[in-house]
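Trainee: Build me a model:
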Amino acid sequence: MAPMNTAIDILGITGPIYLVIALGYAATRLGWFARADMAVFGKFTIQLALPALLFNALSQRSVAEILNVRYLLAYALGSMLVIAGGLFWARRVKGHSLSYSSMMAMGMSCPNSGFVGYPIVLLTLGPVAGVVLALNMVVENLLMIPLLLAVADAQNQNGQGWQAVLKQTFKGLLRNPLIIGIVLGFAVSFSGVTLPAPISRTVNLFAQASAALSLFVIGGSLVGLQVQGLRGTVSQIAVGKLLLHPLAMSLMVLWLVPVHDPALRQAAIITGALPMLGIFTILSQRHGHGAISAATLLVTTVMSFFTLSTLLLVLRMA
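Mentor: Numbering: from 1, shown residues only. So this is what the prediction gives:
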């Protein structure tokens, strides 16, 4: 009965997550909300709810508790390993362009840490989810996404395009609400200041809106996406994201860069197994890869219910 109870417990974690995604899809499909409304909800989540969540997670802990260098290094190296493998496969083996290769590598390596990852880690591991989200965001926004965008533009303007993209990306980080939330959270943590109750409760209200709304947005955003075949690029990216990325993270946190905190170890592996980031299609559209990235986003998000449930079951029984 124990394995059966464990399986039911896992469904108790992943079930609500994907039911909210399904509800977002159904509500948009039925016309209760327009697909354009998802962009508004998503903007609210990214501009206000998630930054408030990140601020809360960091400001209420000591810097020593937050700044886990081993986790940052393991997450960065594991993701870079997948990026390198994805670029090699797409560029050298398949002969795709740099922009197409970058799109494939991004799909394999950049998880949806905010919209899907945070709710799953929260239900699985508890309050450490906020710290994990902040650490993931640092690596993704300062290293992975700028690098991949630079690679995508490296073949433009006689090899000079990547420099402009990299510069513009880093300039954009200064106005990124997620980065601002992280910086302010670290600042309050370092200073030891306790926020006045009215301010703290206001921030909490926005932070509490993030989980359900972010999942609802993912579901609504899937409406209208067309799956143009399940072979070729779609299946390659899905395998890279749902299988190779968590394997790379396991390799790092268990052997190459051991992370001693068991909750952070599991969080890193779970993060690797998440579907790709929600703006994957938007980032790919500027190079004409919107259709294939949208199909991959849809397939990988649906498949992740089964792969994540299996992974959580393995982690629970290990």
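Trainee: Could you use CA atoms for every contact and neighbour count after this?
Mentor: OK.
Trainee: Look up how far Ala263 lies from Val127.
Mentor: Just to correct that, residue 127 is Pro rather than Val. According to Cα to Cα, to the nearest Å, Pro127 and Ala263 sit 10 Å apart.
Trainee: quick one, which of those two is more surrounded?
Mentor: Using other Cα atoms under 10 Å, the more surrounded residue of Pro127 and Ala263 is Ala263, with 16 against 12.
Trainee: The more buried one against Leu125, yeah?
Mentor: Yes - using Cα atoms under 8 Å, Ala263 makes contact with Leu125 at a distance of 6.4 Å.
Trainee: tell me which residues of the host helix or strand of Ala267 are tucked away?
Mentor: If you go by DSSP states H and E, Ala267 is part of helix 262-272. For helix 262-272, a neighbour-count test (16 or more other Cα atoms under 10 Å) marks Ala263, Leu264, Arg265, Gln266, Ala267, Ala268, Ile269, Ile270, Thr271, Gly272 as buried.
Trainee: what does that helix contact?
Mentor: 71, 75, 109, 111, 113, 117, 121, 125, 128-129, 132, 241-242, 245-250, 253-254, 259, 308, 311-312, 315 (Cα atoms under 8 Å, 6 or more residues apart in numbering).
Trainee: mind listing what's buried in the next helix or strand after it?
Mentor: Downstream of helix 262-272, the first helix or strand assigned by DSSP H and E is helix 280-285. Neighbour-count burial for helix 280-285 flags Phe280, Thr281, Leu283, Ser284 (criterion: 16+ other Cα under 10 Å).
Trainee: Just send these back as TSV, with pLDDT and distance to Ser102 too.
Mentor: Output for the buried residues of helix 280-285, formatted as TSV (pLDDT from 0 to 100; distance: Cα to Cα, whole Å):
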residue	pLDDT	distance to Ser102
Phe280	89	11
Thr281	85	13
Leu283	82	10
Ser284	86	9
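Trainee: Read off the pLDDT value for Val165.
Mentor: You'll see Val165 listed with a pLDDT of 64.
Trainee: I meant to write Ala76 there.
Mentor: Predicted confidence (pLDDT) for Ala76: 97.
Trainee: And for Ile13?
Mentor: For Ile13, the model assigns a pLDDT of 87.
Trainee: what about the closest residue to it other than its chain neighbours, how many neighbours?
Mentor: Among residues not flanking Ile13 along the chain, Leu123 sits closest, at 6.0 Å (Cα to Cα, 6 or more residues apart in numbering). Residues lying near Leu123 (other Cα under 10 Å) number 16.
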